[in-house]
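**Student:** Build me a structure from this.
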Amino acid sequence: MADFYASFGSSKTGLATVGYEENDGNTIVVARTTTNVVEVGGGVYMVPLTLNAATTGLLWDTGETVPVFAFEDIKENRVHELLDVVEGTLDHAEVMRILLAAMAGKASGLDVLAPVFRDLADAKDRITATSDADGNRLTIVLDATP
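**Tutor:** Prediction:
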């Protein structure tokens, strides 16, 4: 469950008719409802919600005779952004594994020009490298697998 927000501006405070519908970009997935919608202040409304699996957006409205609309793009709960390639073939989760090993994992071999950085569980080498006497990286092998 997550909290979702819509801002209609300070002129739209105190409305009891604010509602939303879930859609998939083309069709309504869950019909309009006002259930659990609360004003958090200044014309901003919130609903705690577990989204339907097909939902990619929320269409909010003030529920007035001439309603004001707001659209919240969920982007499939933004899960797909974590799967996007950041660089080369590495996605966000893989990049985080590598960065975490480099920044917080055990390190060895620095004194013999063959640094190895371990994952936090100390279960695998995430970064294995060789360097020259000046500290220049010569080879780097990354293991970003779970």
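
**Student:** which stretches of this protein form strands?
**Tutor:** Remark: strands assigned in the chain by DSSP state E are 2-7, 19-23, 28-33, 38-41, 44-49, 57-61, 69-73, 85-87, 90-91, 107-108, 116-118, 125-131, 137-142.

**Student:** Show me which positions of the third one end up buried.
**Tutor:** Residues of strand 28-33 classed as buried under the neighbour-count rule (16 or more other CB atoms under 10 Å) are residue 29. The way it works is simple: take the backbone N, C-alpha and C, and place the C-beta from them, glycine included.

**Student:** which residues touch it?
**Tutor:** With CB atoms under 8 Å, 6 or more residues apart in numbering as the test, strand 28-33 has contacts from 19-23, 52, 54-55, 61.

**Student:** what do you get if the cut-off is 6 Å, keeping everything else the same?
**Tutor:** Outside strand 28-33, the residues within contact range by CB atoms under 6 Å, 6 or more residues apart in numbering are 19, 21-23, 52, 54-55.

**Student:** Same list, those residues, but as TSV with neighbour count please.
**Tutor:** What follows is the contacts of strand 28-33, written out as TSV (neighbours: other CB atoms under 10 Å):
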residue	neighbour count
19	20
21	16
22	21
23	19
52	12
54	13
55	19
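
**Student:** farthest pair in the residues you listed?
**Tutor:** Maximum pairwise distance among these (CB to CB): 19.1 Å, between 19 and 54.

**Student:** Lowest mean pLDDT across the strands of the chain, which one is that?
**Tutor:** Here the lowest mean pLDDT among the strands of the chain goes to strand 85-87, at a mean of 80.

**Student:** Against which helices or strands is that one packed?
**Tutor:** On a contact count with 3 or more CB pairs under 6 Å, 6 or more residues apart in numbering; DSSP states H and E, strand 85-87 meets no helix or strand.

**Student:** For residue 129, which residues count as its bridge partners?
**Tutor:** Per DSSP bridges, the residues bridged to residue 129 are residue 140.
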